[in-house]
Structures are given as structure tokens and as C-alpha cells.
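[1] give me coordinates for this.
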Amino acid sequence: MKHILMKLAGMPTCEKVNSFLGMYLDDELSEKDRTSFERHLAKCGTCTRYFEQYRATVNVVRAESDVQVPDMLVEHTLEFLRSKADFS
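    Presented below is the predicted three-dimensional model:
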């Protein structure tokens, strides 16, 4: 039901928003997509929490650019975050 209401309001779904996270942080979204993304975050606490964790992780990795993060750690972290996110 949440997805239907979002579509009617012209907002992207949670899954779509989460596919934009990296592009949003890298300022690669069009103005229209950026606005939709931010409007969704303003209304969806689950995506906001997920985004904040994602941004914090990216910031740590960027700050420690000489640190090699094992692929397995990245995948386990993403699996954990996905399991905690409610995309319904």
C-alpha cells in the first residue's frame, strides 16, 4: 500500500530511493530526481535511517582512503542493512 501511495504522490519507492544513494552522495542526480529523493526521505523514516547509515559508512571509507575494506565485509554490511530496512 505504501508503494501505491508514493506513486500517486509522484515519489519514488523505497527500493528506487535506495538505488540512488551513491549517486545522491556524489551529486550525480538530476534536479528532478534529487528533489524526489529528498521528498521521499522527508516522509520515510526507514529510508532516512538507512541513508544516514550509508552516508556514515561512505564518509568513514573516504576519510580512510588508504584502508582496504575487504569485499566480504562490504557485502555482509550491505546484507545486514538490507535485512533491517523495511521496504514495504
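[2] would you map the helices across the chain?
    2-8, 14-19, 21-25, 31-43, 45-63, 71-84 (DSSP state H).
[3] flag the shaky bits of the chain, pLDDT-wise.
    By pLDDT under 70, the low-scoring segments of the chain are 1-10, 65, 67, 84-88.
[4] pick the most deeply packed of the helices of the chain.
    For the helices of the chain, the largest average neighbour count (mean count of other Cβ atoms under 10 Å) is found in helix 14-19, namely a mean of 17. Placement of C-beta: from N, CA and C, glycine included.
[5] show me the contacts for the closest residue to Phe20 other than its chain neighbours.
    The shortest distance from Phe20 to any non-neighbouring residue, by Cβ to Cβ, 6 or more residues apart in numbering, is to Phe37 (5.4 Å). Counting by Cβ atoms under 8 Å, 6 or more residues apart in numbering, Phe37 touches Pro12, Val17, Phe20, Tyr24, Leu29.
[6] try 10 Å
    Counting by Cβ atoms under 10 Å, 6 or more residues apart in numbering, Phe37 touches Met11, Pro12, Lys16, Val17, Phe20, Leu21, Met23, Tyr24, Leu29, Cys47, Phe51.
[7] so how far is Arg82 from it?
    Distance, Phe37 to Arg82, using Cβ to Cβ, to the nearest Å: 18 Å.
[8] ok, back up a step: check the contacts of Phe37 and tell me the two furthest apart.
    Met11 and Met23 (16.8 Å; Cβ to Cβ).
[9] residue farthest from the centroid of the protein?
    Asp66 (24.4 Å; Cα atoms, centre = their mean).
[10] tell me who's in contact with that one.
    No contacts exist for Asp66 under Cβ under 10 Å, 6+ apart.
[11] next: the one 3 residues further on.
    With contact taken as Cβ under 10 Å, 6+ apart, Val69 is in contact with Thr57, Val60, Val61, Thr77.
[12] I am finished for the moment; much appreciated.
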